[in-house]
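Engineer: Here is a sequence together with a model predicted from it:
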Amino acid sequence: MNADNGSCSFGVESDYVELAVELFSMLADATRVRIILALRDEELPVNRLAEIVDKSPAAVSQHLAKLRLARIVLTRQQGTRVFYRLANEHVRRVVADAIFQAEHSLGDAPRHHEVEMRSAR
């Protein structure tokens, strides 16, 4: 795997296939995807995440517990507050690519291609 250029050299027999499926299963929930999007640039406490994703703090805590068990998010405690952050950049990229793929299903020129074309000029 060359993570720098996004290419993958693992074959169909890789032991990581099942683990990748577990990751996709963990991300097969809109609230968890929203939590990951909220955490892509900063660490946040549960209450702030709950406001951002428009869910109760209890529900967000349950989702965060699952994401933590899957090693997708990490925590840092400051006093009585717990802050969550993404464990690495890979899940951020997986979610971004999924959103980009979703854009393709809605029309001709997805917004992410327009941004790429403007940057190339």
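Structural biologist: Structure's in. What do you need?

Engineer: quick one: contacts for the nearest residue to residue 81 once chain neighbours are set aside?
Structural biologist: The spatially closest residue to residue 81, leaving aside those adjacent along the chain, is residue 45, at 5.0 Å (CB to CB, 6 or more residues apart in numbering). To be clear about C-beta, it is placed using only N, CA and C from the backbone, and glycine gets the same treatment. Neighbour list for residue 45: 81-84 [criterion: CB atoms under 8 Å, 6 or more residues apart in numbering].

Engineer: Format those as TSV; extra columns: neighbour count.
Structural biologist: Formatted as TSV, these follow (neighbours: other CB atoms under 10 Å):
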residue	neighbour count
81	11
82	14
83	17
84	25
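
Engineer: for the one helix or strand residue 103 maps to, which positions count as buried?
Structural biologist: Element membership for residue 103 (DSSP states H and E) is helix 89-104. Buried positions in helix 89-104, judged by neighbour count with 16 or more other CB atoms under 10 Å: 91-92, 94-95.

Engineer: and these, which two are the farthest apart?
Structural biologist: 92 and 94 (7.4 Å; CB to CB).

Engineer: which one of the contacts of residue 45 sits closest to residue 33?
Structural biologist: For the contacts of residue 45, the nearest to residue 33 is residue 84 (14.7 Å; CB to CB).
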